[in-house]
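1. Quick one, fold the following:
(one chain, ligands or ions: 2)
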Amino acid sequence: WGAHFDLVKGIEELKRQRNALILAHNYQRPEIFHGVADIQGDSLALARAAAESDADVIVMCGVHFMAETAKLLAPDKTVLLPAPDAGCSLAESITAADVRALRAAHPGAPVVCYVNTSAAVKAECDSCCTSANAIEIIENLGAPEVIFVPDEFLASHVAANTSVRIIPWRGRCEVHERFTGAEIKEYRSAADVFVLAHPECPPDVQRAADFVGSTSGMIAALERHRPERAMLITECSMADNVSGAFPDTEFTRPCNLCPHMQRITLPKIHDSLMRMSPQIEIADDVAAAARRSVQRMLDLGG
Ligand code: 13P
Ligand code: SF4
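-> Ligands and ions are numbered 1, 2, ... in the order given. Have a look, this model is predicted:
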C-alpha cells in the first residue's frame with residue numbers, strides 16, 4: 001500500500017475538485033477496489049449508481065461496455081474510462097448487423113442482449129439483461145422463444161432454468177471459458193469446498209458447482225452459507241476483493257485474470273481525472289435506442 005499512497009491521495013484530491021464518483025467492478029485490482037472506489041459492485045449496480053449519483057463526472061473502473069451503459073443511464077454526466085482499450089471478448093463477438101440477421105432468421109422472436117454488448121448492439125435489441133436478472137427478464141417478455149445474445153454459456157444456463165425456447169449466439173468470455181469441470185472435481189477431492197461459478201463458465205463447470213450466479217449473486221450466496229472453504233470460479237481478483245468481508249472463510253481458486261479489467265490502474269485513473277479524458281461518447285440515435293433496451297430491462301424487473 002505504501003507505493004500507492006501518493007497516487008491514492010492525488011486521486012482523492014482530483015475527485016473533490018471534479019465532483020467525481022469512482023465506480024469499481026468486482027474484478028478490479030484490490031488497490032482500486034479498496035483504495036479509491038466510492039461504489040463497488042456488479043455491472044448492473046454500477047450503471048444504477050451512475051444514474052442515481054449527483055456527481056458531474058463518473059470514472060468507470062471496469063470495461064468499455066460498462067462505461068457505455070453508465071453513459072446511457074447518465075447522459076448529462078461526463079463518463080471517463082481510464083483505459084479506452086479495456087474491451088470484452090463477449091462484447092466483441094457480435095455486431096449490430098449480426099443481430100439484424102438473427103431477427104430476419106427468426107421472425108417474431110424478441111431479442112435479449114446481455115449487458116456485455118456494445119451500445120450499437122443494445123440499440124438493436126428489445127431488452128438488455130445482466131447475469132443477475134437474465135431468467136427473470138426473458139420470462140417477463142412473455143414470448144415462447146427468445147433470441148439471446150451473445151454468451152452461449154449464459155444462454156445454456158438460462159435454457160436449463162426456463163421453459164422459454166432460447167435461440168443462442170456463439171460468443172464466449174475469454175476468461176470464464178478456460179475453467180474446466182475436471183479442475184473443480186480435482187479441488188473437491190482434496191478438500192471440502194463450497195464452489196460458486198459465474199454463468200459465463202462452460203456447462204460442465206456449472207454442473208460441478210454448488211451455486212451459479214452473477215458476481216453480486218455469489219457474494220449474497222457467501223453471506224447466506226458462510227462456508228469454511230470457498231472457491232470462486234470467476235475472475236481471479238474477485239476473491240482478493242471480497243475475502244476481507246468473510247474472515248472465517250478460506251478462499252481457494254484456479255486463477256484466471258481478465259486482461260481487460262487489469263488495464264485499469266491507479267496511474268491511469270489519476271491521469272484520466274487530470275486530463276478529463278478519455279470520455280465516452282455515443283451517437284444520439286444509437287444512444288436513444290440502446291437506452292430503451294436498458295430501460296426495458298429495468299421496467300421488466302431487472
Ligand atoms: P457481473 O454482471 O456478474 O458483474 O459480470 C460482468 C462480467 O463481465 C463477468 O465476466
Ligand atoms: Fe468480458 Fe470476460 Fe472480462 Fe467479463 S471477464 S469483462 S466477460 S472478457
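2. Show me what counts as buried in stretch 260-278.
-> The neighbour-count criterion (16 or more other Cβ atoms under 10 Å) identifies 260-266, 268-270, 272-273, 278 as the buried residues of stretch 260-278. C-betas here are computed from N, CA, C, even on glycine.
3. Does it reach ligand 1?
-> No: for stretch 260-278, no contact with ligand 1 is found by Cβ under 6 Å from any ligand atom; the gap never falls below 8.0 Å.
4. hang on, the earlier thing: ok, and which of the buried residues of stretch 260-278 reach ligand 2?
-> Contacts with ligand 2 within those, as defined by Cβ under 6 Å from any ligand atom: 260-261.
5. what ranges do the helices span in the protein?
-> Per DSSP state H, the chain carries helices over the ranges 5-18, 30-33, 43-52, 64-73, 96-105, 119-122, 134-140, 152-159, 181-190, 203-208, 215-225, 237-242, 266-275, 284-299.
6. Pick the most deeply packed of the ones you listed.
-> Among the helices of the chain, judged by mean count of other Cβ atoms under 10 Å, the one packed with the most neighbours on average is helix 64-73 (a mean of 26).
7. re the thing from before, which one of the buried residues of stretch 260-278 is nearest to ligand 1?
-> Relative to ligand 1, the closest of those is M261; by Cβ to the nearest ligand atom it sits at 8.0 Å.
8. Roughly how far does the closest residue to that closest one other than its chain neighbours sit from ligand 1?
-> Across the structure, with Cβ to Cβ, 6 or more residues apart in numbering as the measure, the residue nearest M261 apart from its sequence neighbours is Y27 (4.4 Å). Noted for Y27: a distance of 7 Å to ligand 1, by Cβ to the nearest ligand atom, to the nearest Å.
9. so E174 touches E92, yeah?
-> No: counting by Cβ atoms under 8 Å, E92 is not a contact partner of E174; they are 9.5 Å apart.
10. Enumerate every residue touching R48.
-> Contacts for R48 (Cβ atoms under 8 Å, 6 or more residues apart in numbering) come out as L73.
11. end to end, how far does stretch 146-159 reach?
-> Counting by Cα to Cα, to the nearest Å, you get 10 Å between the two ends of stretch 146-159.
12. what number of residues lie near G142?
-> For G142, the count of nearby residues is 10 (other Cβ atoms under 10 Å).
13. any chance of the helices of the chain in a markdown table, plus distance to V111 and mean pLDDT?
-> As requested, these are arranged in a markdown table below (distance: least, Cβ to Cβ, whole Å; pLDDT from 0 to 100):
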| stretch | distance to V111 | mean pLDDT |
| --- | --- | --- |
| helix 5-18 | 38 | 96 |
| helix 30-33 | 33 | 96 |
| helix 43-52 | 19 | 88 |
| helix 64-73 | 17 | 96 |
| helix 96-105 | 6 | 98 |
| helix 119-122 | 9 | 98 |
| helix 134-140 | 11 | 95 |
| helix 152-159 | 12 | 97 |
| helix 181-190 | 30 | 92 |
| helix 203-208 | 23 | 96 |
| helix 215-225 | 24 | 95 |
| helix 237-242 | 29 | 94 |
| helix 266-275 | 34 | 98 |
| helix 284-299 | 9 | 95 |
